[in-house]
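> Predicted model and sequence follow; I will ask about them next.
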Amino acid sequence: MYEQHMYQKNRASFCRISVLFLILFPVLFFTAVNVPADTGPLQAEDTVAGIDVSKWQGEIDFDRVAASGVEIVYIRACYGSSTIDEYFESNYVKARAAGLKIGFYHYITATSETSAIAQARFFYSLISDKEYDCRPAMDFEFFGFLSTNRINDIARTYLSTLQNLTGTQPLLYSDINDVNTVWDPSLSIYPLWAADYNAGSGTDTGSWQKWSGFQYSSNGSVPGISGNVDLDRFRDSVFLSRDIPSSNTTPDIYIIQRGDTLSGIAYRYHTTVEQLVSLNHISNPNLIYPGTRLILPASSPSAPTVQYIVRPGDTLYSIALKYNTTIAALAAKNNILNPNLIFIGQILVI
């Protein structure tokens, strides 16, 4: 994943060892990567083998991949705000048929909090009807001329939006240099998927006590895949099951509308702002976004649960026909000022 996008990235943090060093000290270099048997990501006893794939791997024989010992595959769903990976659907279908554990990732290009929300919704619109086993992941690695504060604001907005939509904490994918120099400690509430191709006896994960995923190579070889593929190790904290309550009851969900405040929602559903903040991991009670899902306490009255995620090619007219309602009714219920203007990933209450 990391190397595949290096033509877009303005720094090559994974190539930290210079060519001169490699020429002068080949023995030292090979000693560094051949770590002792009880250390490093390859030898971690509590991990399983995984890969991450996209259109760059072309057609994949996932039966052979599974037979080789790989247990988890992360599939790129999309790029930016509107580009769907051309192998997304086929990779998903074939990997599922082969019995692999599946996760999805999104290579984001957001440059503002507004675009971060839109991109999170776009990603969710693609995976909301899929069966997947692992936390969805944000791949945010090209920052252009954004300041560190802006980078963190965008990432925080994207991750919180995606968490509200999916009901689970996403993974934050990052190369190890950015882990230690870019990301704010407040983001360590999200599990880390670290990338370090020069990992020795251990890797400094900064504010994160432990990684959930570790990408240790971009030029791996796996049966069933022609050419190079990223190699990973994953801990069980990557699985969605960690967030699934033991009860079989489905939590009530409220879709935030324009003009809503957390205090107003709390009053309406006979709860408190503090309960909503805790239940939804909201970092700023004064900052909530229309269209995001809000989990309500179990004792709250039932909230609207019939939802539709806007997909490419949808119009309000076609959605109204599908649900035997009217454009006017949908526009009124969802505070849509212009019925001709809806966006991919938008959540409509039917």
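Thanks, I have the structure now. Source: prediction; values computed, not measured. Residues are numbered from 1 along each chain as shown.
> now the helices for the stretch 201-350 of the chain?
Assignment of helices within the stretch 201-350 of the chain using DSSP state H, counting those that start in this stretch yields the ranges 262-268, 273-280, 316-322, 327-333.
> now the longest one, how far from the chain's geometric center?
Spelled out, that is helix 273-280. Average the C-alpha atoms of helix 273-280, do the same for its chain, and the two points are 23 Å apart (CA atoms, centre = their mean, to the nearest Å).
> buried residues in that helix?
Across helix 273-280, burial judged by 16 or more other CB atoms under 10 Å covers Val273, Leu276, Asn280. Using the backbone N, CA and C atoms, a C-beta is placed for each residue, glycine as well.
> ok, now the last one?
If you call a residue buried by 16+ other CB under 10 Å, then helix 327-333 has these buried ones: Ile327, Leu330, Ala331.
> and of the residues you listed, the nearest to Tyr105?
Distances from the buried residues of helix 327-333 to Tyr105 were compared by CB to CB; the smallest belongs to Leu330, at 31.8 Å.
> Next one: the closest one relative to Thr114, how far apart?
Computed as CB to CB, to the nearest Å, the Leu330 to Thr114 distance reads 23 Å.
> what's the weakest-modelled helix or strand in this structure?
Across the helices and strands of the chain, the lowest-confidence element by mean pLDDT, DSSP states H and E is helix 26-33, at a mean of 33.
> The helix or strand just after that helix packs against which elements?
Downstream of helix 26-33, the next assigned helix or strand under DSSP states H and E is strand 47-53. Using 3 or more CB pairs under 8 Å, 6 or more residues apart in numbering; DSSP states H and E as the contact criterion, the elements in contact with strand 47-53 are strand 72-79, strand 213-220, strand 229-235.
> Is it possible to get CSV of those that adds mean neighbour count, distance to Ser147 and mean pLDDT?
As requested, those are exported to CSV (neighbours: other CB atoms under 10 Å; distance: least, CB to CB, whole Å; pLDDT from 0 to 100):
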stretch, mean neighbour count, distance to Ser147, mean pLDDT
strand 72-79, 25, 24, 97
strand 213-220, 21, 26, 93
strand 229-235, 24, 29, 95
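> quick one: which of the helices of the stretch 201-350 of the chain is nearest Asp61?
Nearest to Asp61 among those is helix 316-322; the distance by CB to CB comes to 37.1 Å.
> re earlier: save the buried residues of helix 273-280 as CSV, and put in distance to Ser237 and pLDDT too.
Converted to CSV, these look like this (distance: CB to CB, whole Å; pLDDT from 0 to 100):
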residue, distance to Ser237, pLDDT
Val273, 29, 84
Leu276, 25, 86
Asn280, 20, 81
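> Distance to Ala137 for those - can I get that in CSV?
Written out in CSV, the entries for the buried residues of helix 273-280 read as follows (distance: CB to CB, whole Å):
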residue, distance to Ala137
Val273, 30
Leu276, 26
Asn280, 20
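> Looking at these, which is nearest Cys78?
For the buried residues of helix 273-280, with Cys78 as the reference and CB to CB as the criterion, the closest is Asn280, at 24.6 Å.
> ok, the closest one - contacts?
Listed by CB atoms under 8 Å, 6 or more residues apart in numbering, the contact partners of Asn280 are Gln163, Asn164, Leu294, Ile295.
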